[in-house]
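K.L.:
just to be clear, the model below is a prediction. Sequence and coordinates:
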Amino acid sequence: MGWEFDEHRTRDGLRLRTGMWSVRQPRGHCLIIQGRGDYLEKHAEAAALLAALGLTVVSVDLRGQGASSRLRGRAGTADVVSFDDHLDDLEEVLGSRSGLVGPRLVLSHSMGGLLTVQHLLRWPQHVAAAVLLSPMFAFRGAPPPAVVAGLAAAAVTLGFGGALAPGERAADPEHCDLATNMSTDDPDGFARLQPLQRAHRDLVVEGGTWRWVRAANRAIRQVARADLAHITTDVLIASSPTDPGVDPAAHHSLAARLPAARVRTYAGRHDLLFASPATVETLWQDIASHLTPHLGPPS
């Protein structure tokens, strides 16, 4: 088994690359919601491990990244007008997939964690359990959200929406090393990640445009202001105290507002699926323990 690639045309004419990892007797299905700059090939190991639990796995290269249609920004940057576009795209893709039986589960990373909570706000009964890996609810060391909102709005209004925002540095895999990359501090994890990044150089994005920053900030503020008490989904938040990209304090704040959420901490940087072998083994044991009680009988 492996990714079965397909193409989905959105309501506004964009092309999204989608992937499905099928199993013979599914006990449910799992949606992988990618982080900013992710692509299907990067999640092949995760999809295989989820399939081993009996889950059909579905994912999509989000608009503006991976092998999906790029938008109006500088080439190689993550760009989106609104995170609502991502949510609408995910709803369309899931609605177009026949044969997704059993309970729906979600595994998400970084920006995908923020999209997961937005998804639960829209459809609180649709997801039985979710795992949020290093979810993006606040940026480490960033200015206050109100300041970011003002700067992003001004940049977009002045015609710089498609420009790379300050601090959004390039992530060229040819000039990336263990000491400076944000994803992993482990040599084995780095050795697994870098060949992927080099092999799929055309899918890797450098950073976010001002338009992406405005959309992300709006989504973060929406979740911060929302009443989450009606979301009963069983949520596991995987967090690293030394994550250089997102603020782990926001993970604990979010968990306190969700009726059925807990935080577990792991050693590593931002991409815990590429942390040390010991961390990855423990993480996957925790993911399996979290998801397995929600699986249905084999169909």
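P.N.:
Yes, it's here. On a predicted model such as this, the values are computed, not experimentally measured, just so you know. Numbering: from 1, shown residues only.
K.L.:
now do the helices in the stretch 1-150 of the chain.
P.N.:
In chain order, the stretch 1-150 of the chain shows helices spanning 44-52, 83-96, 111-122, 145-157, with DSSP state H, counting those that start in this stretch as the criterion.
K.L.:
which parts of stretch 274-291 are buried?
P.N.:
Of all the residues in stretch 274-291, those buried under the rule 16 or more other C-beta atoms under 10 Å are 274-276, 279-280, 282-284, 287, 290-291. Quick note: C-beta positions are derived from backbone N, CA and C, even for glycine.
K.L.:
ranking the helices of the stretch 1-150 of the chain by burial, who's on top?
P.N.:
helix 111-122 (a mean of 23; mean count of other C-beta atoms under 10 Å).
K.L.:
so which elements touch that one?
P.N.:
Packing partners of helix 111-122 (3 or more C-beta pairs under 8 Å, 6 or more residues apart in numbering; DSSP states H and E): strand 28-33, helix 83-96, strand 104-109, strand 129-133, helix 210-225.
K.L.:
just to revisit the earlier point, what's the most distant pair in the buried residues of stretch 274-291?
P.N.:
276 and 291 (22.3 Å; C-beta to C-beta).
K.L.:
is the nearest residue to residue 49 once chain neighbours are set aside within a helix or a strand, and which one?
P.N.:
Nearest residue to residue 49 in three dimensions, chain neighbours excluded: residue 284, at 6.0 Å (C-beta to C-beta, 6 or more residues apart in numbering). Element membership for residue 284, per DSSP states H and E: helix 277-291.
K.L.:
what angle do that helix and strand 28-33 make?
P.N.:
Here helix 277-291 points in a direction 130 degrees away from that of strand 28-33 (axes from the mean of the first three to the mean of the last three C-alpha atoms, to 10 degrees).
K.L.:
got the angle between helix 277-291 and helix 44-52?
P.N.:
For the pair helix 277-291 and helix 44-52, the angle between their directions (the same axes, to 10 degrees) equals 40 degrees.
K.L.:
can you list the residues that contact helix 277-291?
P.N.:
Identification of contacts with helix 277-291 by C-beta atoms under 8 Å, 6 or more residues apart in numbering yields 30, 49-50, 53, 55, 105, 107, 129, 131, 186, 188-189, 234, 236, 238, 264, 266-268, 272-275.
K.L.:
keeping just the C-alphas, turn that helix into PDB.
P.N.:
As requested, C-alpha coordinates have been extracted for helix 277-291 and formatted as PDB (Å, rounded to 0.1, in the frame of the first residue of the first chain):
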ATOM      1  CA  PRO A 277      14.000   7.600  17.800                       C
ATOM      2  CA  ALA A 278      13.100   7.300  21.500                       C
ATOM      3  CA  THR A 279      10.800  10.300  21.300                       C
ATOM      4  CA  VAL A 280       9.200   9.100  18.100                       C
ATOM      5  CA  GLU A 281       8.600   5.700  19.500                       C
ATOM      6  CA  THR A 282       6.900   7.100  22.700                       C
ATOM      7  CA  LEU A 283       4.900   9.600  20.600                       C
ATOM      8  CA  TRP A 284       3.500   6.800  18.300                       C
ATOM      9  CA  GLN A 285       2.700   4.600  21.300                       C
ATOM     10  CA  ASP A 286       0.700   7.600  22.800                       C
ATOM     11  CA  ILE A 287      -1.000   8.300  19.400                       C
ATOM     12  CA  ALA A 288      -2.000   4.600  19.100                       C
ATOM     13  CA  SER A 289      -3.300   4.500  22.700                       C
ATOM     14  CA  HIS A 290      -5.200   7.700  22.100                       C
ATOM     15  CA  LEU A 291      -6.900   6.700  18.800                       C
END
